[in-house]
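A.B. asks: Sequence first, then the predicted structure, then my questions.
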Amino acid sequence: MTRVAFIGLGRMGHGMAGRYLDAGFTVAVWNRSRAKAEDLIARGAHWATSPEDAAIDADAVVTMVADDEASRAVWLGKDGAAANMKAGTLAIECSTVSHAHALEMARELTGRGLIYIDCPVTGLPSAAAEGKLTLLVGADAADLEKAEPFLKPLGSTIRHFGSVGTGTVFKLINNLMGAVQIASLAEGLAIAEQAGLDMKLVAEALSTGAVASPQVIRHSPRMAARDFSSASFTAALRHKDAAYAVALAETLLPGVPVSRAAVEAYEQAKAYAPDDDEGRLIEIVSQPKQGLDRLPHSRKMRWLSSRSATMTAPPEGSEHGTENLHRRRSWNDRSADPPAPAWPQRYRADLDRSGEAEGNLRPQGHHQPRRRRHPLPAR
């Protein structure tokens, strides 16, 4: 009977491993925690004590792990799968990794006589459990033909983009565009909320209008209702994928400012709620000015820390560097500032008459120019 080792039983990997059991394969599974494997074991999967153990006598080893570091560990680390794989075994990487990492793993594993295929996937966990994923493949044509019996249980749509690495390129493009769409959706919904629009109507109009995409259709009602019960993708994973995509883009293009803005947005979401649904970005964005006090204290501090980490330090010796940095800091972040004497003396807390709680900081002696009551006389 054909043997498959499946490594990584997260939201996606669990359903994918179950598909091999449904298709009649002999399946060995490994995950950092055995608890996620218990129902698969009850269905007939064999529990392995390590990736190396899982790979014994396997015809194909399939991985679905979080990032480059996890991928390198399960393939080449201590007790890694590659140590026990016989020559000619398929090494199928379904994880979303960086392009550089995919090429590195291809060199390492083909150098050991293995057949490496980068095969990231798209689809929700429900599609993984039903075998309805779309597979994005980078492989030689002959290697893909050999791998097809191991890919078809996962999904009927196999898109072959070219040689090893090309499947990962497309997956990173796909997930980067998702990050841009979701980040812009959060800002659009935030504008609507703060302007007092009917959010149910807004979500309906976005989901059926010209800007509707699968991401907009999926996230609009969830963000508007703050209903994240059907979480499928975390803020940390979205940030990771977008960052990998931007790293690739910057080797190919002169600049990607929109993509960089999305990475920065998800850096804040990662600091705020790393393991929660990516749609919770709306909770950061939809705040009135001076509205950070509405956030729970611990999450506000994480958000502010992420903001301060991205600030550009003033040039050494610059008279105005500290001034510019000080202007960009929010009133809520002043608790983290140096003692008052360290700041330029020309600054003081000038509470404007429009609302003392806002505590606007202005340079001492600075005033907005008054508007002229009458136009200047003609010359």
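C.D. replies: Noted; the coordinates are in hand.
A.B. asks: how does the protein divide up, domain by domain?
C.D. replies: The chain breaks down into these domains under automatic domain parsing: 3-162, 170-309.
A.B. asks: Go through the ones you listed and pick out the most buried.
C.D. replies: With neighbours defined as mean count of other C-beta atoms under 10 Å, the domains of the chain peak in mean count at domain 3-162, which reaches a mean of 20. Yep, even glycine has a C-beta here, placed from its N, CA and C like the rest.
A.B. asks: okay, how far is it across that domain, tip to tip?
C.D. replies: Terminal residues of domain 3-162 lie 27 Å apart, using C-alpha to C-alpha, to the nearest Å.
A.B. asks: how far out from the middle of the chain is that domain?
C.D. replies: 21 Å (C-alpha atoms, centre = their mean, to the nearest Å).
A.B. asks: about what we covered before: I'd like the domains of the chain as JSON lines, with mean pLDDT appended.
C.D. replies: Formatted as JSON lines, those follow (pLDDT from 0 to 100):
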{"stretch": "domain 3-162", "mean pLDDT": "98"}
{"stretch": "domain 170-309", "mean pLDDT": "91"}
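A.B. asks: So Val285 sits against Ala186, correct?
C.D. replies: Yes - assessed by C-beta atoms under 8 Å, Val285 is found in contact with Ala186 at 4.6 Å.
A.B. asks: So which residue is dead centre in the protein?
C.D. replies: The residue lying closest to the centre of the chain (C-alpha atoms, centre = their mean) is Arg238, at 1.1 Å.
A.B. asks: With Glu267 as the reference, measure out to that residue.
C.D. replies: Arg238 is 10 Å from Glu267, where distance means C-beta to C-beta, to the nearest Å.
A.B. asks: for Pro274, same thing?
C.D. replies: Taken as C-beta to C-beta, the span from Pro274 to Glu267 is 10 Å.
A.B. asks: same check, this time on Arg34
C.D. replies: 33 Å.
A.B. asks: and what of Ala142?
C.D. replies: For Ala142 relative to Glu267 (C-beta to C-beta), the value is 42 Å.
A.B. asks: hmm, back to that, overlap in contacts of Val285 and Ala186?
C.D. replies: Common neighbours of Val285 and Ala186 are listed as Ala265 (criterion: C-beta atoms under 8 Å, 6 or more residues apart in numbering).
A.B. asks: All the strands of the stretch 151-300 of the chain, in order from the start?
C.D. replies: Per DSSP state E, counting those that start in this stretch, the stretch 151-300 of the chain carries strands over the ranges 157-162.
A.B. asks: show me the contacts for the residue lying closest to Met85 once chain neighbours are set aside.
C.D. replies: Once flanking residues are discounted, Met85 sits nearest to Ala55: 5.0 Å by C-beta to C-beta, 6 or more residues apart in numbering. Each residue near Ala55 by C-beta under 8 Å, 6+ apart is listed here: Ala5, Ala28, Val61, Ala81, Ala82, Ala83, Asn84, Met85, Thr89.
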